[in-house]
Structure formats: C-alpha cells, structure tokens
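J.: Quick one, fold the following:
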Amino acid sequence: IQGTGTVAPEMDVSGLSFSIVDGDISPSITDNTDFGTVNVTTGSPVSHAFTISNSGSANLNLTGTPNLVTLSGHTSDFSITQPVSSVVSSGGGSVPFAISFDPTAAGLRSAIISIASDDSNENPYTFTIQGTGMTTPALTTSDAVSISTTTATMGGNVTSDGYSALTELGVVYSTTNNTPQIGGADVTKDENSSTATGAFDESIGSLSSATHYYCQAYAINGEGTSYGGVKEFTTLNTIVSMVRSGSTPTNAGSVSWTITFAASATGLTSSNFTLANTGLSSPSISNVTGSGTNWTITANTGTGSGTVGLDFTSNTGLNAEMSNTLPFAGEVYTIDNV
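T.: Predicted coordinates for the structure are as follows:
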C-alpha cells in the first residue's frame, strides 16, 4: 500500500514478509493469518509475528484504547502481545506485535484483528485470523444386537473425527475386564474396515456361550484414542434336551425330568417352567435341583388320570437367555393315579 499524501501516515500490516490487505477475510498460511491446527488439550500455543509499518511521510499514531490492537470473535482462543510503541515513524518505520493461538474447543476458530490509527483511509485496519482446534474423536458405543450363542453384532457411532483424520476404529471386548481398552488385560480388539465418521458395526464370532461380555467402541486419530462408553451383553445358552427321569406310564406321586444345557446355567427356579397337564387334578412343580449344565425338575402328579409334561417357558432370572424358541416342550408322562 502506497502513501496517498506527502504528509499523511499510511499503515501496512504484514506477516512472514507478506502484506495483509486491509479488510482481508480470507486467512492464509502465506501471510501468517492462518495458525494451522493445534490440539485443544495437549498442544502448545502457536505464536505468529506481525509488523505494522508506515509508508507515509508523517508519523503514524495508533489510537486504540486500552489496547492498540484489539480482536473480536473467538477471543478466548487468541491472545495479543501488544506493540511496544503507539507511534510508527514515517518513511518506513515499523512496530512488531504477536498473536498466539491456543484453542479452547475443537473446530475452526476465528477472530477479527482491528488496529485504530490516524491513517485517514484505513482506520481501523482490519483482517481476519483463524486456526483449527483438534481433539481425539467423539463417539458412542451401540447396544450389542443379533446376539446368539457364539456371535454378536457390536459397533458404535463416531460423531466427530476431532478435526483430525481417523486412522482406525472398531470395538474392544472382554469377559472379565469391565472397562476394556486396547492393550488391557483379557481384552480382544476387533478393527473395523471403515475409517469414516458415522455409525459402524461388525458381526463378531467365536464368543463363549452363556457368557457375560463388556464391550466398547473405539476410534483413533492423529491426536489419540477415544472410547464410546461400556455396554454389556450376555450370549445365549441352549436347551439340549428335557427328558423324563423315570418310566411311563406310572402311578407315582411325583415324577421328574432331566434338563441339559449346552453351557452352565444358573438362577433356575420353578418359575421358569410350566406343567402341561391334561386330566390331572392340581399337579405342581415341587423341586428344582442341579448345577452347571444338568438340572432335575420334580413335580407332584396330583390325582386322577391323564398326562403331564414339562415346558420351559421363561428366561427370567437366568444367567443367560435360551436360544431355543419358547415354550420348549419336554417329554410327557402318562399318569394313572385313580
């Protein structure tokens, strides 16, 4: 910018030896007005130097109060080291100042620099600065779905890449570690094929039946690793058989069935079963005993003649739900108690 009069001051501001046009709203790395990327929590502030120069033939007086250089916009992200003098000498005199960028939040952060002076045609002299705050990704863990005896679909939703490109995402899971993270004890990592923001999931196999799992989604970018929060699920068990323990027909006052599970079952009570009765008066389940994969269910046969069978009708209270379609019908006794 050239001076317009023989006695008029004329301001020019530059960064990295490149002049910044008054009113410039397009920050650039070239002229130091774009501060680049800085980590919000662990990054060190980035400082850029600027120079106010006077190409006119009269001294330039900076008139801003209380600060000679002011800013508006994201003022908590930028700070100014003020010029040491309010007077810029004529004929090419210069005064330096500096601006530091230390982002308080992720994303694009910007501010407008304003320098008031007695320059008649560039008062105030303004230009826009910007920088980008970066963080680790933001994501949530999805509930496990399509749970079977040995498989489940796990995943999550990456809501932000933290303004740094994702390099990996997936899930981690464990049967004993209730806060699974990469490299943790008894933790398995399953990497997803995607590195894009948004929802993702994957079907994971080779799980153990009737087993409780802890899982959470993870995402990695250039700033670090984030986790989506722990979810829990239990794989299904399977009823292998439910057979009579005695012979039929019978006139016994009680009968029993042996139920066999594919994996260890706990929490079994009479409320998990229903008697399928035809013709008998007041038969009832009297005892549930056993452990692990083998249990015995005993029922009083009541009075009269008819049949009684044992149906598995409820998963309530069990360590794992059954993969079988309920009700699951066991073998039937023919009873003659007349």
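
J.: mind listing what residue 88 touches?
T.: Contacts for residue 88 were tallied using Cβ atoms under 8 Å, 6 or more residues apart in numbering; they are 9, 11, 52-54, 59-62, 94-95. (C-beta placed from N, C-alpha, C; glycine too.)

J.: Buried ones among the residues you listed?
T.: 9, 11, 52-54, 60, 62, 95 (16 or more other Cβ atoms under 10 Å).

J.: picking that back up, out of the contacts of residue 88, which is nearest to residue 293?
T.: residue 52 (83.2 Å; Cβ to Cβ).

J.: For the closest one, give me its contacts.
T.: Counting by Cβ under 8 Å, 6+ apart, residue 52 has contacts 11-13, 60, 62, 83, 88, 94-97, 115.

J.: and if you look at residue 36?
T.: 29, 46, 131-132.

J.: The same query, at a cut-off of 10 Å, please.
T.: Residues near residue 36 by Cβ atoms under 10 Å, 6 or more residues apart in numbering: 29, 46, 48, 101, 130-132, 134.

J.: any idea how far residue 125 is from residue 53?
T.: Remark: distance between residue 53 and residue 125 (Cβ to Cβ, to the nearest Å) = 11 Å.

J.: before we move on, the earlier item: closest to residue 300 among the contacts of residue 52?
T.: Checking the contacts of residue 52 one by one against residue 300 (Cβ to Cβ), the nearest turns out to be residue 97, at 94.4 Å.

J.: Residue 54 and residue 12 touch, don't they?
T.: Yes: counting by Cβ atoms under 10 Å, residue 54 does reach residue 12; the two are 7.6 Å apart.

J.: what do these two both touch?
T.: Taking Cβ under 10 Å, 6+ apart as the criterion, residue 54 and residue 12 both touch 3, 60, 88, 92, 94, 119.

J.: okay, who's weakest in those residues by pLDDT?
T.: Lowest pLDDT of the shared contacts of residue 54 and residue 12: residue 3, 27.

J.: As CSV, the contacts of residue 52 with secondary structure would be great.
T.: Listed next are the contacts of residue 52 as CSV, based on DSSP: H, G, I helix; E, B strand; the rest coil:
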residue, secondary structure
11, strand
12, strand
13, strand
60, strand
62, strand
83, coil
88, strand
94, strand
95, strand
96, strand
97, strand
115, strand
